[in-house]
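Asks: build me a model from this:
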Amino acid sequence: MLDFLSWLPCSNQSACHSEFIGKAFVDAGVRHVLCCEHEAKLLDEAAATFTQSFYSALCCGYTIKHAFDAAVAVVSVRHTKDESKTFMLLPENEDHNVPVFDAPVLEWEEGRIEQQSISSPVIFEGREIVMHDAISTILSRRRLVTLVGNPGIGRSSLALAIAGYIQERLRSISQIKSVFYVRRRDDVPKDFEGSLVQPLLEQLFSLGLAEERSDSTKSTLQMLCGALSKTKVLIVFDDLDGLEEEARRFFCSLYEKASGVQLLCVSQRPIHLISGAVIEKCIRIGPLDISSSATLFGKICPFADTRPKRDRLISGLLCRDSSVGGTETRKNHRCFPRRISDEDNRSSQIHIR
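Replies: From the prediction side, this is the model:
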């Protein structure tokens, strides 16, 4: 058994309190061991994110050290920095800059450009059907899709989830080569060009895809079209509330000069764009159903920090019997957590103490 372990190039023991197990593998002769600090707790979701990111990088031919650092960075973005600090790469004095898989060097596809890394929402619940509808519409080459709904209903999370999903699968999507997500800025004049188009140009500048403004005769639209005219790109404009008319005029010109551009917009109202063959597809976003709302609340509640607590909370929220008056039934139900109660029978609010 020890001879087999000494041959093993890498061992992943990314679980709670796995430091001692990891050191046991090191003592047995394994040169590269991944584990977590003994005193640290680790959520299952964070461990799954780390493992998926680590092995994805390894299979692309990256070294163990590079794959480890990349996976830690992903956990830090999608979960918390504290959870990302629990991961360890042992032994500390070993050279981990070695690949595990002899993967071929992947050549960059013509037309595909460098871009920002879009992190999908850590918690996403109850929007799977509308997300599928939006993605199917985008992949059917519809050039303008607008997510229409009231602020605070989950529009931005849905747009981020769609952008992240498509970006992760770009190698298998022929009609889109790059994805850019632009969130409306509040620290600039409240016009479309300053709060949304300029941030997009700044992204293109930072990636070397657009030239800095050296010719004062070039408009923002001309610079943007020059950077995007020869590629197929999906641009996500998040929060067009109150800017629909300006956006409509800008989009008409953009579509004429950059034939490969597709747009996903987030707005309280439709854009009402009519330009040649471009037909706007509006997808309306309504409130979450009660089951999804309860699940979402259970996932973000700070008191439900473990899966059993979270499941018990969600079950308690869903056990209300509306035919019996609701509140009292929910309070006395055996599956409802005691830390959450309704202090006043005359109120339907849930108080957290």
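
Asks: grab the nearest non-local neighbour of residue 91.
Replies: Distances taken as CB to CB, 6 or more residues apart in numbering place residue 26 nearest to residue 91, at 5.2 Å, with adjacent residues excluded. The C-beta positions use only the backbone N, C-alpha and C, and glycine is treated the same way.

Asks: is it fair to say that neighbour lies in a strand?
Replies: No. Under DSSP: H, G, I helix; E, B strand; the rest coil, residue 26 sits outside any strand and is assigned helix.

Asks: for it, what are its contacts?
Replies: 33, 90-91 (CB atoms under 8 Å, 6 or more residues apart in numbering).

Asks: just the buried ones from those residues?
Replies: Neighbour-count burial (16 or more other CB atoms under 10 Å) applied to the contacts of residue 26 gives 33, 90.

Asks: where do the helices sit along this structure?
Replies: 2-7, 19-27, 44-59, 64-78, 81-84, 128-139, 155-168, 192, 198-206, 220-228, 244-257, 290-300, 307-318, 327-332 (DSSP state H).

Asks: how about those helices, which one is nearest residue 277?
Replies: Across these, residue 277 has its closest neighbour in helix 244-257 (8.8 Å, CB to CB).

Asks: helices and strands around the closest one, which ones?
Replies: helix 192, helix 220-228, strand 261-267, strand 274-275 (3 or more CB pairs under 8 Å, 6 or more residues apart in numbering; DSSP states H and E).

Asks: want to try CSV for those, with distance to residue 178 as columns?
Replies: Below are the helices and strands packed on helix 244-257 laid out as CSV (distance: least, CB to CB, whole Å):
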stretch, distance to residue 178
helix 192, 22
helix 220-228, 9
strand 261-267, 10
strand 274-275, 22
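
Asks: any idea which of the ones you listed is most buried?
Replies: strand 261-267 (a mean of 23; mean count of other CB atoms under 10 Å).

Asks: contacting residues around that one?
Replies: Against strand 261-267 from outside (CB under 8 Å, 6+ apart): 134, 138, 141-148, 155-156, 159, 162-163, 175-176, 228, 232-241, 244, 247, 251, 254-255, 271.

Asks: quick check: residue 298 touching residue 304?
Replies: Yes. Using CB atoms under 8 Å, residue 298 is in contact with residue 304, at 5.4 Å.

Asks: number of nearby residues for residue 136?
Replies: 10 (other CB atoms under 10 Å).

Asks: how near is it to residue 260?
Replies: 20 Å (CB to CB, to the nearest Å).

Asks: between the helices and strands packed on helix 244-257, which gets nearest to residue 78?
Replies: Among the helices and strands packed on helix 244-257, if distance is taken as CB to CB, the winner is strand 261-267, at 21.0 Å.

Asks: report pLDDT for residue 1.
Replies: Model confidence at residue 1, given as pLDDT, is 44.

Asks: now swap in residue 247 and tell me
Replies: 91.

Asks: roughly how far does it sit from residue 254?
Replies: For residue 247 relative to residue 254 (CB to CB), the value is 10 Å.

Asks: ok, now residue 236?
Replies: Relative to residue 254, and taking CB to CB, residue 236 is found at 14 Å.

Asks: which one's more surrounded, these two?
Replies: Using other CB under 10 Å, the more surrounded residue of residue 236 and residue 254 is residue 236, with 24 against 20.
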